[in-house]
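Chemist: one predicted model, sequence on top.
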Amino acid sequence: MSEITTKKIPVKTSRAIEKLAQITYELHQGKNYNITRLTTLKSLCQDPDRASHFVLYLAQRTQERMAKQEHQYLSPEKWRQHQVLVREAVEHMRSYLNHKTGQEEEKLRHLLYKIKQLQNTHKNQRGGSVRVIESSDTLVVEKAIECLLSPANSAVWGYHVGREYAERYNLHYGTGLIPESAPLMEDIVNFWYHAYDQ
């Protein structure tokens, strides 16, 4: 008879996951929250290894979504550039996590540069120069690469990737965690529920 074992999740971690799950449930009920409610992710992303797998997972989900949709504002040609570069980035992120060699890191840094160049237009506004983001999906992947390349700052980058992934805008609610964020929050919660399965 085989013995069933379950890996014990630390109490603090379990509470953080439950907090995110509760927010997700309430978003499904029509509530909305300030995006800072996601700062809970900082405690979950303190371990660079888990944070790396978390941001890779969100980058993969983003790439899958991008492959199935057209962009509302970009030309088909420009959107294809985003899709191709994001697909390439996700492949290299996977490769880097499997083999953290100097060569793999260099490839990833080069891809990060290319992704940043894709959205490198700035406009002068009252507060100074502001970067114009054509695709928030591409920005998710850019920040995910930053997280992989900055393990010492995994908590901050993990939060920023999750924030970029889940934040949405709607005229009725404004910007933040809104009902449209619910399925994206489900992705975040599902990752953390299963992160301790192994």
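Modeler: Thanks, I have the structure now.

Chemist: next, count neighbours for Trp25.
Modeler: Just so we're on the same page, residue 25 is Tyr rather than Trp. By other Cβ atoms under 10 Å, the residues close to Tyr25 number 14. Yep, even glycine has a C-beta here, placed from its N, CA and C like the rest.

Chemist: element containing it, please.
Modeler: If you go by DSSP states H and E, Tyr25 is part of helix 11-28.

Chemist: what of His71?
Modeler: Assigning secondary structure by DSSP H and E places His71 outside every helix and strand.

Chemist: excluding chain neighbours, what is closest to it?
Modeler: Spatial nearest neighbour of His71, excluding adjacent residues (Cβ to Cβ, 6 or more residues apart in numbering): Trp79 at 4.1 Å.

Chemist: what element comes up after the helix or strand containing that neighbour heading to the C-terminus?
Modeler: In this assignment (DSSP H and E), Trp79 forms part of helix 76-98. Counting by DSSP H and E, the element after helix 76-98 in chain order, helix or strand, is helix 102-118.

Chemist: quick one: list the elements packing against the helix holding Tyr25.
Modeler: Counting contacts by 3 or more Cβ pairs under 8 Å, 6 or more residues apart in numbering; DSSP states H and E, helix 11-28 packs against helix 40-44, helix 182-194.
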